[in-house]
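Trainee: just the structure for this:
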Amino acid sequence: MIYVTDRKGKEITIKLACYREVDHFIRLLRNKPDRRGTIVESIDFTNYKALPADPVNCFEPEQTDYSKYDTLIEALHLTELELAILNCYMNGMRQGEVCAELGIGRGIINHRKASIRKRYNAYFNTL
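Mentor: Numbering: from 1, shown residues only. Model prediction:
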């Protein structure tokens, strides 16, 4: 969406105008003290306690431990179709998406979900 055109006739989008405004504000904070007299301090990298949390692997996705899930699935003795349906729901799919993914009807899905729920309740009632 076009916000304004500059002196040279170039169109400026709202996004670009926001970036420019934020960049201008950051430059002001870096170069001059604030009007109220506060100064932006830089981080002392010689003192490790002043550093923020350890950024090692901060861009890598966190590895989740699925061992409890795997143990539970093995204990339930699910069929291939029931396991496929459960995995679809665990991935956040809705019933229509599960139908399309597996190529089966809603009745079969509801029946298999009831079977999974029954086995799950029986497993936890025996513990």
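Trainee: assign Leu29 to helix, strand or coil.
Mentor: Here Leu29 takes the helix state, with states given by DSSP: H, G, I helix; E, B strand; the rest coil.
Trainee: shift numbering so it begins at 472
Mentor: Okay, using 472 as the starting number, the last item reads as Leu500.
Trainee: check what pLDDT it gets.
Mentor: Leu500 is assigned a predicted lDDT (pLDDT) of 72.
Trainee: same check on Gly576?
Mentor: On pLDDT, Gly576 comes in at 94.
Trainee: in contact with it, which residues?
Mentor: Gly576 makes contact with Cys570, according to C-beta atoms under 8 Å, 6 or more residues apart in numbering. For glycine as for every other residue, the C-beta is placed from the backbone atoms N, C-alpha and C.
Trainee: how close does it sit to Ile485?
Mentor: Using C-beta to C-beta, to the nearest Å, one gets 47 Å for the distance from Gly576 to Ile485.
Trainee: max-length helix in the protein?
Mentor: Looking only at the chain and at elements set by DSSP state H, the helix with the highest residue count is helix 577-597.
Trainee: just the CA coordinates for that one, please, in CSV.
Mentor: As requested, the backbone C-alpha atoms of helix 577-597 are provided in CSV (Å, rounded to 0.1, in the frame of the first residue of the first chain):
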residue,chain,number,x,y,z
ARG,A,577,-15.9,-39.4,8.5
GLY,A,578,-17.6,-42.4,9.9
ILE,A,579,-14.5,-44.5,9.7
ILE,A,580,-12.5,-41.7,11.4
ASN,A,581,-15.0,-41.4,14.2
HIS,A,582,-15.1,-45.1,14.7
ARG,A,583,-11.3,-45.4,14.8
LYS,A,584,-11.0,-42.3,17.2
ALA,A,585,-13.5,-44.1,19.5
SER,A,586,-11.3,-47.2,19.4
ILE,A,587,-8.2,-45.2,20.2
ARG,A,588,-9.9,-43.5,23.0
LYS,A,589,-11.2,-46.8,24.4
ARG,A,590,-7.7,-48.4,24.3
TYR,A,591,-6.2,-45.3,25.9
ASN,A,592,-8.7,-45.3,28.8
ALA,A,593,-8.2,-49.0,29.3
TYR,A,594,-4.4,-48.6,29.4
PHE,A,595,-4.6,-45.8,32.0
ASN,A,596,-7.2,-47.6,34.1
THR,A,597,-4.9,-50.6,34.5
